[in-house]
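Engineer: 3D, please:
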Amino acid sequence: MARRIVLKSEADVGRRSLAIDYRGELNEQQYAAATASGGPILVIAGAGTGKTRTLIYRVAYLVETGVRPERIVLLTFTRRASREMLTRASVLLDGRCSRVKGGTFHSYCLGVLRRYAPKIGFPNNFTILDASDSADVIDAVRTAAGLRKTDRRFPKKRRLQSIFSAVVNQGTDIEDLLVERYPQFLDYVDQLVELYRGYAAYKERYGLMDYDDLLSKSLVLFDEDDRTAKAISSECKHLLVDEYQDTNRLQAELVRRLSAVHRNVMAVGDDAQSIYRFRGAEPANIFEFPRVFADTTILKLEQNYRSTQPILDLANHVLDHATEKYEKELFSEKQLGDLPAVVPAPDDQDESRFVTQTILQLREDGVPLNRIAVLFRSGFNSYALEMELNRRNVPFVKYGGLKLSEAAHIKDIIAHLRILENPRDAISWNRVLQLLEGVGPKTARDLIEWITTDSGDPYELKDRPYSPRYIEELKRLFNMFRQARGAASTTDEVELVVAYYDPVLKRKYFDDFPKRQQDLEHFAGLSSQYQTRESFLSSLALDPIELTALEGEATPDDESPLILSTIHSAKGLEFHTVFVIQALEGVLPSSYSLNDGEAIDEELRLLYVAITRAEQNLFISYPTVQYRRFEGEYFARPSRFIAEVPESILEPCVLVEDTGRQLGSGAEDARKPEMDHLLGA
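Structural biologist: Below you'll find the model as predicted:
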């Protein structure tokens, strides 16, 4: 009778004596995730619950229990994230962890295609095009095909690259994409389809792949060569995927294909932080994971190590109103802390005063400026605050969206206003004149020479030989200047300039002029706070610290700046104190989302992300009165997401002037719990 030899699993062999005390180092939920057995596992990791720590211990546990490092694949969204995780895992365990295959989806697929590209008609040494290269190739194909060479409304090469990328990543066709996101280009759908096909043919002919091809061609390889697909999948014994809520259609399908043989896939993510649909991320992926992978084990991380419980109570309350979600309840051992505060302000200026004064008080109390963040939905939401911070000499950096003085279309408007203030401003004249069709640098120089040396009215044409290429445009410009010179207020001047500039905006920025028009509305609103054009321009001229301020090594005398950021750009960060400004209906949620249930859910998740950046203090503010072009002042409504929150979770504040006069009007304001904030001059 033959002797029986029992083969133990890799995990059984390695589990006898573990170098790391996983149970002692991790909380109960983290331990369950890090030491889970094989099969498909979905880890729903709430904000601040130690997701990265859990993944690091998972890598170490797999290696320590006998899984060969080369057969573990860790996919992240940045190379830096994977390097940091594997470095920390190596420090935690040993150098074996450095042999784990870590990287982005794109880098992993590149490795696959370098081996197997000939199977789908590409050479092994194909060239990789970055976004700029791709745009140049598209432009070359467009030129060769003679497509709309002289039509200024036809999409520019960068926009074409974005359109084609979205088509690949979202699995849609060009016409549907145009209807949803670029309706201004619908007249060109046939030409765009032709150009898209030409771009694909050009890449195949010359052995080129762009970033999207790295994903899509890998899937083509899986589809066309079953033997190769099984070989690739068999190499991966355990697949770990970070930030699964941010995967797009192609990435989710790659996860399925790569885990097809062993089915040992652990996806870690938070459905409540899925906020990148505009980049192609598909929130449905994390909800469909249990359907795609039968017998999925769902684990949760709910103990938050960042925020106080009062802040988490608000986050939990906001998330309760999501239409589709995984049920979870964030909790913290930090039970004590102030309630988050909601602060209605009379207008944008008073909101900015409140935020600035509170920041200055926090700094005086010992909180460094770089541990304080002001978050907002869109870049233009912070314009009024930037001006107040400049006035009070508070250094700041801004992430996401342009600073007010950096946006090209805003610079154009400012140049017109500077000419009204100083008709001999040659720099501003140069910018303004070259906005006119038919006027180039040489013509602009000649016109500036006449304007700045003539002693007469600078806005009169007089008897001079002008070219018919631009004479009508020049007349329209000078007529506007004469009207604006006689305007009754700074706002009236700005309105006249903006109205004149509107056709220039549509011609110059046809790709995205609707968004820029919204910027101009807010700019006009800002002007209403200034009595004179000079005071408005002086305020705008104060330049904030550049973004590179955080990148250099500060000297002992330097002060790290305050952080201004869009909510999208702040994801993954944390701060002692967070201000969420402009929490208005039509802003958060965005007006573009109001008729789209899925978009409303994503806007709610944006607020959740903003709330969960805060460690100790959270202030949510909004102006009760705003200014809109052609309508003047109007009463604004607070965001639906905060309008009905109980006072036991979100504490109302009343702003009062330091003279004792209450800023909010009406008895209803006076009845609110008095956590008063005094506003100084």
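
Engineer: burial count for the residue nearest to D246 when sequence neighbours are not counted?
Structural biologist: For D246, ignoring the flanking residues on the chain, the nearest one in space by Cβ to Cβ, 6 or more residues apart in numbering is A281 at 4.7 Å. Any C-beta I mention is one placed from the backbone N, CA and C, and that applies to glycine too. Neighbourhood size, A281 [other Cβ atoms under 10 Å]: 24.

Engineer: pass me the low-pLDDT residue ranges in the stretch 1-150 of the chain, would you?
Structural biologist: Across the stretch 1-150 of the chain, the ranges flagged by pLDDT under 70 are 1-16, 148-150.

Engineer: go on, the chain?
Structural biologist: Low-confidence segments of the chain, defined by pLDDT under 70: 1-16, 148-152, 401-406, 454-456, 463-465, 538-558, 628-631, 659-681.

Engineer: which residue is nearest the middle of it?
Structural biologist: The centroid of the chain falls nearest to H568 when counting by Cα atoms, centre = their mean (3.5 Å).

Engineer: how far does stretch 208-223 sit from its chain's centre?
Structural biologist: Its chain's C-alpha centre lies 26 Å from the corresponding centre of stretch 208-223 when counted by Cα atoms, centre = their mean, to the nearest Å.

Engineer: which residues touch that stretch?
Structural biologist: By Cβ atoms under 8 Å, 6 or more residues apart in numbering, the list of residues contacting stretch 208-223 from outside reads 105-106, 109-110, 112-113, 116-117, 119-120, 122, 126-131, 133-134, 137, 164-165, 168-169, 202-203, 228-229, 232, 250-251, 253-254, 257.

Engineer: that's a strand at the residue nearest to D246, yeah?
Structural biologist: No: counting by DSSP: H, G, I helix; E, B strand; the rest coil, A281 is located in no strand; its state is coil.

Engineer: buried ones in the helix or strand hosting I600, by neighbour count?
Structural biologist: Assigning secondary structure by DSSP states H and E places I600 in helix 597-611. Using 16 or more other Cβ atoms under 10 Å as the test for burial, helix 597-611 gives 599-611.

Engineer: with stretch 639-656 instead?
Structural biologist: Across stretch 639-656, burial judged by 16+ other Cβ under 10 Å covers 639-642, 645, 649-656.

Engineer: just the CA trace of that stretch, in CSV.
Structural biologist: This file holds the C-alpha atoms of stretch 639-656, laid out as CSV (Å, rounded to 0.1, in the frame of the first residue of the first chain):
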residue,chain,number,x,y,z
SER,A,639,-27.0,73.3,-0.4
ARG,A,640,-29.7,70.7,0.0
PHE,A,641,-27.1,68.4,1.6
ILE,A,642,-26.9,70.7,4.7
ALA,A,643,-30.3,72.3,4.7
GLU,A,644,-32.1,69.7,6.8
VAL,A,645,-29.2,68.4,9.0
PRO,A,646,-30.3,68.4,12.7
GLU,A,647,-28.7,71.1,14.9
SER,A,648,-27.5,68.2,17.2
ILE,A,649,-25.1,67.3,14.3
LEU,A,650,-24.4,70.5,12.5
GLU,A,651,-24.4,73.6,14.8
PRO,A,652,-25.7,76.9,13.3
CYS,A,653,-23.6,80.0,13.8
VAL,A,654,-24.6,83.7,13.7
LEU,A,655,-22.1,86.3,12.4
VAL,A,656,-22.1,89.6,14.3
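
Engineer: centre of the chain to that stretch, how far?
Structural biologist: For stretch 639-656, the distance to the chain centre is 26 Å (Cα atoms, centre = their mean).

Engineer: can you check stretch 373-385 too?
Structural biologist: 13 Å.

Engineer: repeat for stretch 63-80
Structural biologist: Distance, stretch centre to chain centre, for stretch 63-80: 28 Å (Cα atoms, centre = their mean).

Engineer: okay, buried residues for it please.
Structural biologist: Across stretch 63-80, burial judged by 16+ other Cβ under 10 Å covers V63, E64, T65, V67, P69, R71, I72, V73, L74, L75, T76, F77.

Engineer: in strands, which of those residues appear?
Structural biologist: Among these, the residues falling in strands (DSSP state E) are I72, V73, L74, L75, T76.

Engineer: any chance of TSV for these, columns distance to D446?
Structural biologist: Formatted as TSV, those follow (distance: Cβ to Cβ, whole Å):
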residue	distance to D446
I72	69
V73	64
L74	63
L75	59
T76	57
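
Engineer: which parts of the stretch 451-600 of the chain are helices?
Structural biologist: Along the stretch 451-600 of the chain, the stretches classed as helices by DSSP state H, counting those that start in this stretch are 471-485, 490-508, 513-527, 533-540, 567-570, 597-611.

Engineer: on that earlier part again, any of the contacts of stretch 208-223 buried? List them.
Structural biologist: The neighbour-count criterion (16+ other Cβ under 10 Å) marks 105-106, 109-110, 112-113, 116-117, 120, 122, 126, 129, 134, 137, 164-165, 168-169, 203, 228-229, 232, 250-251, 253-254, 257 among these as buried.

Engineer: next step: those restricted to strands.
Structural biologist: With strands defined by DSSP E, the entries of these inside them are L129.

Engineer: returning to what we had before: return the most buried member of the helices of the stretch 451-600 of the chain.
Structural biologist: For the helices of the stretch 451-600 of the chain, the largest average neighbour count (mean count of other Cβ atoms under 10 Å) is found in helix 597-611, namely a mean of 22.

Engineer: for it, packing partners?
Structural biologist: Under the contact criterion of 3 or more Cβ pairs under 8 Å, 6 or more residues apart in numbering; DSSP states H and E, helix 597-611 touches helix 309-319, helix 567-570, strand 575-580, helix 640-643.

Engineer: the third one vs helix 309-319, what angle?
Structural biologist: Relative orientation of strand 575-580 with respect to helix 309-319: 40 degrees, computed using axes from the mean of the first three to the mean of the last three Cα atoms, to 10 degrees.

Engineer: run me through the strand neighbours of strand 575-580, direction for each.
Structural biologist: Strand pairing for strand 575-580, determined by DSSP bridges: strand 372-376 (parallel), strand 614-623 (parallel).

Engineer: now tabulate those in CSV and tack on mean neighbour count and distance to E473.
Structural biologist: Listed next are those as CSV, based on neighbours: other Cβ atoms under 10 Å; distance: least, Cβ to Cβ, whole Å:
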stretch, mean neighbour count, distance to E473
strand 372-376, 27, 37
strand 614-623, 24, 38
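
Engineer: now these as CSV including distance to G269?
Structural biologist: Output for those, formatted as CSV (distance: least, Cβ to Cβ, whole Å):
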stretch, distance to G269
strand 372-376, 21
strand 614-623, 21
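
Engineer: picking up where we left off before, let me know the closest of the buried residues of stretch 63-80 to D176.
Structural biologist: Using Cβ to Cβ, F77 is the member of the buried residues of stretch 63-80 that lies nearest D176, at 26.1 Å.

Engineer: isn't that closest one right next to G103, touching?
Structural biologist: No: F77 is beyond contact range of G103, at 10.3 Å (criterion: Cβ atoms under 8 Å).

Engineer: may I have stretch 384-393 exported as CSV, CA atoms only?
Structural biologist: Extracted in CSV, the C-alpha atoms of stretch 384-393 (Å, rounded to 0.1, in the frame of the first residue of the first chain):
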residue,chain,number,x,y,z
ALA,A,384,-13.5,86.5,-3.3
LEU,A,385,-11.6,84.7,-0.5
GLU,A,386,-8.3,85.1,-2.4
MET,A,387,-8.8,88.8,-2.5
GLU,A,388,-9.5,89.0,1.2
LEU,A,389,-6.5,86.8,2.1
ASN,A,390,-4.3,89.1,0.0
ARG,A,391,-5.7,92.1,1.7
ARG,A,392,-4.8,90.6,5.1
ASN,A,393,-1.4,89.3,3.9
